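K.L.:
predicted model, plus sequence, below.
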Amino acid sequence: MMKFKSPPVNSLSLEFLTEFSISLEKLENDRACRGVIITSAVPKIFSSGLDITEMCGKNVEHYAEFWRAVQELWLRLYGSNMVTVAAVNGSSPAGGCLVALSCDYRIMAENPKFSIGLNEAQLGIVAPFWFKDTFVNVVGHRVAERSLQLGSLHPAPEAHKLGLVDELVPEEKLMEKAAAVMAQWLALPDHARQLTKTMMRKAVLDRLVAHREEDIKNFITFVSKESIQKSLRMYMEMLKKRKS
Amino acid sequence: MMKFKSPPVNSLSLEFLTEFSISLEKLENDRACRGVIITSAVPKIFSSGLDITEMCGKNVEHYAEFWRAVQELWLRLYGSNMVTVAAVNGSSPAGGCLVALSCDYRIMAENPKFSIGLNEAQLGIVAPFWFKDTFVNVVGHRVAERSLQLGSLHPAPEAHKLGLVDELVPEEKLMEKAAAVMAQWLALPDHARQLTKTMMRKAVLDRLVAHREEDIKNFITFVSKESIQKSLRMYMEMLKKRKS
Amino acid sequence: MMKFKSPPVNSLSLEFLTEFSISLEKLENDRACRGVIITSAVPKIFSSGLDITEMCGKNVEHYAEFWRAVQELWLRLYGSNMVTVAAVNGSSPAGGCLVALSCDYRIMAENPKFSIGLNEAQLGIVAPFWFKDTFVNVVGHRVAERSLQLGSLHPAPEAHKLGLVDELVPEEKLMEKAAAVMAQWLALPDHARQLTKTMMRKAVLDRLVAHREEDIKNFITFVSKESIQKSLRMYMEMLKKRKS
């Protein structure tokens, strides 16, 4: 099991992303490890998504390094040979939602105060194409189109209805249920399961691999715009005020 | 707001299509206009679809001009930067359904006498690939395959169940609801919403752009066949008899 | 109507596949025949899928011949110009499920003891890409990904809920219902219906046609592996024990 523990909100900073990728790589190479449950040690938050401070007022090299780390994590997680189960025990916007979407199965605490979604549009930014591809593979084209345009954060019951999460359970049963799901998936022969997973996900993984440098350039161009920097600063101000 | 008003049934004639495209273009270029609600001023009919008289007994140049106008409207509407909401206040077969499918959101009067669908197969003709692509993006492959093969016209409740429309409301609340939905969509920052929409729809739009002339040729070949002309004449006779 | 009658379990042996393809070809060329209902004359089993004895302990030439026959059947059935209705009156794993998925409409006896699914992963093997493509076209990407990875056999009510079958009816009403569905589909003009079907299925059919020899080679390589042979032998032993 892997527990996100980066208070206050498990934001995916460059450091966090790098550690996460390294941990995944180690587990991937550990033949004794066949599956991983991803959950949060921080109350009420699964992950708040990409760390906005990494995208604000930094130089081009930093943006490139950060974005490559985001790509790297997704390539490893979405393409993992392990069984990956997300035990979503709190809210999970943007990059946090991507982490959940990249797993094989999503269980969420049935608390309507917890929400999940790719809400980038709310911040004035656009989810990259591979966030979108991952989302479409889970919920289909129409649900994704509407949800992405509105930047919706779906409360747990709605997320379940849309197919964004596979199952809701009371919060205190979440880990028990995740373990049961893991056992069910591990009962399958690894090799056949892995080849099947690859068959389902390869097209979308290959698309980022083929356009990786271009995607980094796009990110840098986008995030370097003064209008975007302004949006992000305003958003951070708002978050700071909320906290205090 | 844009109200179709071409009695008796809002059929999409060459003239109507041309005016519709020009109006859309004007709104698109008017920076004060960020969204459009499409509805009908004709009772019980949203739009009866392409005007069959334009496809019957005319010459090749006319067919080409007509078909280019159909393509043009769809390219403008499906690719619009504005928020587009269809307030479907009556039946909406074939081309009328395409107009609704091309919007960002579809609200329909919950009257089971109103139906909507791509019913081309019932007339012995085939919906073009870009009608199909637009339909699949809304309802998914399976629902589209079955509905297109059967040329189904779905009563409002069924259309809602299949995801062909997003919401049903009592007829008298339709415009109020459309305005509320529009307000919700306009609350998003334009730029991020537009880029997201483009990301979702570009593949399908590009496909027609790449095959536009070929698609016109196909239409001309198809519609020029004596068997098709006969089907269309029989269909028009039937409509005339019904009216009288 | 076509009734599978190859006791004990209608497994798709080389002989059975060849006869099935020839029968389909004859019907296809018979202009008086516009549709076919596929069902089973064997109680409780629609079809048990590919005959494992054809994949076990045989030589490379045999594997190639067998796999080409599987491809041939699917190309004929999924691409059929006739209306094809599956009346699934028993369990239908793996290749049996593929036959049902390749029809235009699936009706299943509402007996929860009957199950259907592409359960290859349970046997340690992988469904080929065109099984997957056919499945995704029916149930969408997410349901297919989960079901294929788990090698799930879905009891009839669950299969209906997932969209794997279109309708459940009491077993004694199955043929009556299949005939009614056939009548509904045959009410459409053949030509428009066939062109529409081709438009929906061509991409997936073309993909196998383009990669047919490669797919045969992959099958041979895979099935010739000692580990796979061992899995299949164990599975056959288990089936034998169950029977006795």
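P.N.:
Cool, the structure landed.

K.L.:
need the residues of chain A near chain C, please.
P.N.:
A:104-105, A:136-140, A:163, A:166, A:184-185, A:188-189, A:191-193, A:195-197, A:199-201 (CB under 8 Å from any CB of the partner chain). Glycine gets a C-beta too; all of them are placed from N, C-alpha and C.

K.L.:
how about the residues of chain A by chain B?
P.N.:
Near chain B, when you scan chain A using CB under 8 Å from any CB, you find A:120-127, A:129, A:132, A:140-142, A:144-146, A:148-151, A:227, A:231.

K.L.:
mind checking which of those residues land in helices?
P.N.:
A:Phe129, A:Lys132, A:His141, A:Arg142, A:Ala144, A:Glu145, A:Arg146, A:Leu148, A:Gln149, A:Leu150, A:Ser227, A:Ser231 (DSSP state H).

K.L.:
surely the second one meets A:Ala144?
P.N.:
Yes - in this structure, A:Lys132 is within contact of A:Ala144 by CB atoms under 8 Å, at 6.6 Å.

K.L.:
joint contacts of the two?
P.N.:
Residues touching both A:Lys132 and A:Ala144 (CB atoms under 8 Å, 6 or more residues apart in numbering or on different chains): B:Met200.

K.L.:
and the two? Which one has more around it.
P.N.:
Ranked by neighbour count (other CB atoms under 10 Å in any protein chain shown), A:Lys132 and A:Ala144 place A:Ala144 first, with 25 against 21.

K.L.:
quick one: the more buried one and B:Glu226, what's the gap?
P.N.:
Using CB to CB, to the nearest Å, we find A:Ala144 at a distance of 44 Å from B:Glu226.

K.L.:
burial count for A:Pro155?
P.N.:
Using other CB under 10 Å, A:Pro155 is surrounded by 19 other residues.

K.L.:
so which of the ones in helices among the residues of chain A next to chain B would you say is closest to chain C?
P.N.:
Closest approach to chain C among these (CB to the nearest CB): A:His141, at 9.6 Å.

K.L.:
retrieve the pLDDT associated with that closest one.
P.N.:
Listed pLDDT for A:His141 reads 98.

K.L.:
helix/strand/coil for the closest residue to it other than its chain neighbours?
P.N.:
Nearest non-adjacent residue to A:His141, counting by CB to CB, 6 or more residues apart in numbering or on different chains: B:Asn137, 4.8 Å away. Following DSSP: H, G, I helix; E, B strand; the rest coil, we place B:Asn137 in the helix state.

K.L.:
neighbours of B:Asn137, how many?
P.N.:
B:Asn137: 22 neighbours (other CB under 10 Å).

K.L.:
please apply the same query to A:Val42.
P.N.:
For A:Val42, the count of nearby residues is 19 (other CB under 10 Å).

K.L.:
quick check: phi and psi at it.
P.N.:
Phi and psi for A:Val42, reported as degrees, to the nearest 10, are phi -100, psi 130.

K.L.:
how close does it sit to chain B?
P.N.:
28 Å (CB to the nearest CB, to the nearest Å).

K.L.:
how much space separates that residue from chain C?
P.N.:
For A:Val42, the distance to chain C (CB to the nearest CB) stands at 28 Å.

K.L.:
then A:Cys103?
P.N.:
Note on A:Cys103: its distance to chain C, by CB to the nearest CB, is 11 Å.

K.L.:
name the SS class of that residue, please.
P.N.:
coil.

K.L.:
need the contact list for it.
P.N.:
The contact partners of A:Cys103, taken as CB under 8 Å, 6+ apart, are A:Ile38, A:Leu77, A:Thr84, A:Val85, A:Ala86.

K.L.:
the closest residue to A:Leu77 other than its chain neighbours: how many residues sit nearby?
P.N.:
Using CB to CB, 6+ apart and skipping residues adjacent in sequence, the residue nearest A:Leu77 is A:Ser102, 4.4 Å away. Look at A:Ser102: counted by other CB under 10 Å, it has 24 neighbours.

K.L.:
local confidence estimate at A:Met2?
P.N.:
68.

K.L.:
then A:Ala203?
P.N.:
A:Ala203 is given a pLDDT of 97.

K.L.:
over to A:Lys243?
P.N.:
So A:Lys243 comes in at 67 (pLDDT).

K.L.:
and A:Lys240, by the same measure?
P.N.:
81.

K.L.:
same question for A:Asn89.
P.N.:
With respect to pLDDT, A:Asn89 scores 96.

K.L.:
residue contacts, it?
P.N.:
Here A:Asn89 is in contact with A:Thr39, A:Ser40, A:Phe46, A:Met108, A:Ala109, A:Phe114, A:Glu171, A:Leu174 (CB under 8 Å, 6+ apart).

K.L.:
repeat the analysis, applying 10 Å as the threshold.
P.N.:
Neighbouring residues of A:Asn89 by CB atoms under 10 Å, 6 or more residues apart in numbering or on different chains: A:3-4, A:39-46, A:107-109, A:111, A:114, A:171, A:174-175, A:178.

K.L.:
inside strands: which ones of those?
P.N.:
A:Lys3, A:Phe4, A:Thr39, A:Ser40, A:Lys44, A:Ile45, A:Ile107, A:Met108, A:Ala109 (DSSP state E).

K.L.:
can you list those in JSON lines and add neighbour count?
P.N.:
Conversion of the ones in strands among the contacts of A:Asn89 to JSON lines gives the following (neighbours: other CB atoms under 10 Å in any protein chain shown):
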{"residue": "A:Lys3", "neighbour count": "13"}
{"residue": "A:Phe4", "neighbour count": "23"}
{"residue": "A:Thr39", "neighbour count": "20"}
{"residue": "A:Ser40", "neighbour count": "24"}
{"residue": "A:Lys44", "neighbour count": "14"}
{"residue": "A:Ile45", "neighbour count": "22"}
{"residue": "A:Ile107", "neighbour count": "27"}
{"residue": "A:Met108", "neighbour count": "29"}
{"residue": "A:Ala109", "neighbour count": "22"}
